[in-house]
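K.L.:
Model the structure of this input:
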Amino acid sequence: MKYTFEVITSPDMLWDKMASCYDHTVFKSKNWANFLKEFYKVAPFVVAVSEKEKEIGYFYGHKIKKLGVPIVASPFEGWSTSYQGLSMLKEITVNQRLDIYEELIAWLFKNKHCRYFQVSDWQLEVAECLHRNFTIELQKGYVLDLTKDKEELYKNMSYSSVRYSINKAKKKGVVVKEISDVKEYAHEYYKQLKEVFQRQGLAPTHSMEQTRTMLQHTFSENMVALYAVNPEGECLASAFFPYAGNYGFFSGGASYQSAQSYCPNELIMWNAIEMLKDKGVKYMEFGGGRRYKEKYGPTAYVKPKIIASSLPWLIPAKAFAKSAFYAVRKIGALLKGKSVNEGV
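P.N.:
Numbering: from 1, shown residues only. As a prediction, this is how the structure comes out:
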C-alpha cells in the first residue's frame, strides 16, 4: 500500500490544522461536530493519512451502527450535513484522492472499523470515479461562483424572477436582518417550514430542536442566518447558510404563503450572497437540485457519493430502504390530494 492510516484518538487537537486545508468545509469544523455530537450523539472519526511516513492529510467522518451494521459515514443521511471526506494539507489531484479512498476503504474493512462506507467529498468528480471499481450515487445541485464581482453576480440573476422581486421587496419596505436570538429564530423558521411542508401534505423531516441546536453551535462563527420583516415588523421568511473556508451552503429556507407578495426570499438570498462574498467565501452551494435555483445564476453540477461494503447485499438493501422511504412519503401526500416537490 502506498498510504498508511492511523485513527486519531483525540481529534480536538486537529481542528485548526483541518480548518487550514484548502478543501475544508463547515461540515468538518469543530462547531459542526459539536452540533452532531449533541443532537445525533455521534462523534468525529478522524483517520490520519500518511505517505512515506509523512502525514499528508486526514479523513473526517463518523462511526455509527444501523441495525447492528457498523458504518463509517462522511456524512450519513438525515443529519442536515453535506460534503465532508478528506482534508488534505497540500492540494492533490482527483485521481490521487481516489487512490487514497481505495486504500482507506480496504484498510477500514480489514481492520473491522466498518462493514459499510460512504463519503461525499466536494473535490471528487464523476468522470474519474467511472474508471474505478467504486459504486457511486449521483448528487445533483447548483453552485455559485462568488469570485465574480457583485455587479456581475447581480446581473447574472434572472430579471423577471429575482432582480424584479428584489426591487419590489425594497419598495414595499422589506428589511433583511441577522439572527439575534437563536431560540426565537428557530421557532419562527420552523413555523414557516411546517407551513411549506403542510402545503404538500407532509411534515418536516427534522425537528425545531434540531435547527435550534445547529444554530446554537454555529451562528457566532460559521453561519449567516437571516430573516425578512415587513414595515410592521412581521417576520415573512427565513434562511440560513453555514460556511467555512472557501465554501458556503444554502442549508435551509422557508416563508409564509401570505408573505409572497412581499418577495422576501429573493431579497434574503441576495443579502446572503453579498455577506458570504464579503466573508471571503468563494463558492456557494445551493443545497440540492431543485430547478428554481437556476434563477440565481449558478452552475449545475453532478458530484459522486462513493459507497462500499464488505457485505455484497448491503448496498442494494440500503438503496431499497431509501427508495421505499420516499415512496411511502409521496404516497401519503398523494392520498391527501397534495403533490410533492422532488429534490431539495
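K.L.:
okay, CA-based contacts and neighbour counts for the rest of this
P.N.:
Fine.
K.L.:
Look up the residues forming beta bridges with Ser238.
P.N.:
Tyr227, Ala254 (DSSP bridges).
K.L.:
Next, the contact list for it, please.
P.N.:
Residues counted as contacts of Ser238 (CA atoms under 8 Å, 6 or more residues apart in numbering) are Tyr189, Gln192, Ala225, Leu226, Tyr227, Ala228, Gly253, Ala254, Ser255, Asn265, Ile268.
K.L.:
nearest residue to the third one other than its sequence neighbours?
P.N.:
Setting aside the residues directly before and after it, Ala225 is nearest to Phe240 in space (CA to CA, 6 or more residues apart in numbering), at 4.1 Å.
K.L.:
Could you list every helix and strand in contact with whichever strand or helix holds Leu86?
P.N.:
Element membership of Leu86, judged by DSSP states H and E, is strand 85-88. For strand 85-88, the elements it packs on are strand 54-66, judged by 3 or more CA pairs under 8 Å, 6 or more residues apart in numbering; DSSP states H and E.
K.L.:
got the contact list for the strand it packs on?
P.N.:
Residues outside strand 54-66 that contact it (CA under 8 Å, 6+ apart) are 18, 28, 42-50, 70-75, 84-90, 114.
K.L.:
show me where the stretch 201-344 of the chain has strands.
P.N.:
If you assign secondary structure with DSSP state E, counting those that start in this stretch, the strands in the stretch 201-344 of the chain sit at 223-229, 235-244, 247-249, 252-255, 283-285, 299-309.
K.L.:
rewinding a little: name the nearest of the contacts of Ser238 relative to Lys279.
P.N.:
Proximity to Lys279 was ranked across these by CA to CA; first place goes to Ala225, at 13.8 Å.
K.L.:
okay, the angle between the helix or strand hosting Lys194 and strand 235-244?
P.N.:
Using DSSP H and E, Lys194 maps to helix 182-198. Computed by axes from the mean of the first three to the mean of the last three CA atoms, to 10 degrees, the angle separating helix 182-198 from strand 235-244 equals 110 degrees.
K.L.:
On the strand side of things, show who Ala302 bridges to.
P.N.:
In this structure residue 302 is Val, not Ala. Beta bridges link Val302 to Lys140, judged by DSSP bridges.
K.L.:
That one contacts Gly141, correct?
P.N.:
Yes. Val302 sits in contact with Gly141 when judged by CA atoms under 8 Å, with a separation of 6.5 Å.
K.L.:
Comparing these two, which residue is more hemmed in?
P.N.:
Higher neighbour count among Val302 and Gly141: Gly141, with 22 against 15, using other CA atoms under 10 Å.
K.L.:
mind listing what that one touches?
P.N.:
Going by CA under 8 Å, 6+ apart, Gly141 touches Glu285, Phe286, Gly287, Gly288, Gly289, Arg290, Ala300, Tyr301, Val302.
K.L.:
Separate out the buried members of those.
P.N.:
Members of the contacts of Gly141 that pass the buried threshold by neighbour count (16 or more other CA atoms under 10 Å) are listed as Glu285, Phe286, Gly287, Gly288, Gly289, Ala300, Tyr301.
K.L.:
Quick one: residues contacting the third one.
P.N.:
The contact partners of Gly287, by CA under 8 Å, 6+ apart, come to Gly141, Tyr142, Phe249, Phe250, Ser251, Val344.
K.L.:
go again using 6 Å as the cut-off
P.N.:
For Gly287, the contact set (CA atoms under 6 Å, 6 or more residues apart in numbering) comprises Phe250, Ser251.
K.L.:
So, low pLDDT: which residues of this protein?
P.N.:
Low-confidence segments of the chain, defined by pLDDT under 70, span residues 325-344.
K.L.:
Show me the residue at the heart of it, geometrically.
P.N.:
When CA atoms, centre = their mean is applied to the chain, the residue found nearest the centroid is Ser82 (3.0 Å).
K.L.:
I'd assumed that residue was in a helix, is it?
P.N.:
No. Residue state for Ser82 (DSSP: H, G, I helix; E, B strand; the rest coil) corresponds to coil; a helix is not indicated.
K.L.:
Would you mind measuring from it to Glu6?
P.N.:
According to CA to CA, to the nearest Å, Ser82 stands 24 Å off from Glu6.
K.L.:
And Met223, by the same measure?
P.N.:
Distance of Met223 to Glu6, computed by CA to CA: 32 Å.
K.L.:
So between these two, which is more surrounded?
P.N.:
Met223 (23 against 13).
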